[in-house]
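>>> 3D model of this:
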Amino acid sequence: MVGVPETHSGWTFITSHARVLAAIADNPNIRIRDIAARCWLTERAVSRIISDLERDGYLSHTRDGRSNIYRIEPEKVLRHPAEAGLSVASLLSLLVQDETDRAQKPVAP
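Now for the predicted structure:
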């Protein structure tokens, strides 16, 4: 079982919402527990983020037995005025590709 991730102090370039969205884009059947481990968040934080994304129309889900299947709205425009006109698909094209590349490359010592 995965424990509570270590806290991070300071700022980061990518928000937790973007990290969760990228994890779902990579695997629409992913469990909240696995998103939390991948994004270094608690399961409760991931649940809140998913609720935010669903409430604002960036994400939806359907039940399949005991699992969820998530669907991202790729044409939805990002929220911040500085990204006016950029779609979720544009953001994910950067994040998901980066995550795939990172998973394939060994970590330097």
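>>> report the buried residues of stretch 20-36.
For stretch 20-36, a neighbour-count test (16 or more other C-beta atoms under 10 Å) marks 20-26, 30, 32, 35-36 as buried. Quick note: C-beta positions are derived from backbone N, CA and C, even for glycine.
>>> swap in stretch 55-63?
Residues of stretch 55-63 classed as buried under the neighbour-count rule (16+ other C-beta under 10 Å) are 58-59.
>>> with stretch 76-95 instead?
Neighbour-count burial for stretch 76-95, with 16+ other C-beta under 10 Å as criterion, is recorded at 78, 88, 91-92, 95.
>>> just these: which are in helices?
Among the buried residues of stretch 76-95, the ones falling in helices (DSSP state H) are 88, 91-92, 95.
>>> sort those residues by pLDDT and name the bottom one.
Ranked by pLDDT, these bottom out at Leu95 (87).
>>> spit out the contact partners of that residue.
If a contact means C-beta atoms under 8 Å, 6 or more residues apart in numbering, then Leu95 has 14, 18-19, 21-22, 25 as its contacts.
>>> and which of those residues is nearest to Thr42?
When those are compared for distance to Thr42 (C-beta to C-beta), Arg19 comes out closest, at 13.0 Å.
>>> can you count the residues close to Gly10?
The local packing of Gly10 (other C-beta atoms under 10 Å) involves 4 other residues.
>>> are we agreed that it is in a helix?
No. Read with DSSP: H, G, I helix; E, B strand; the rest coil, Gly10 is coil and lies in no helix.
>>> need the pLDDT of it.
Note on Gly10: pLDDT of 79.
>>> tell me which helix or strand the residue nearest the centre of the chain sits in.
Nearest to the geometric centre of the chain sits Val20, at 1.6 Å (C-alpha atoms, centre = their mean). Here Val20 sits within helix 16-26, counting by DSSP states H and E.
>>> residues touching the helix or strand just after that helix, excluding its own?
Downstream of helix 16-26, the next assigned helix or strand under DSSP H and E is helix 32-39. With contacts defined as C-beta under 8 Å, 6+ apart, helix 32-39 is touched by 2, 5, 16, 19-20, 23-24, 27, 30, 41-43, 45-47, 50.
>>> I am finished for the moment; much appreciated.
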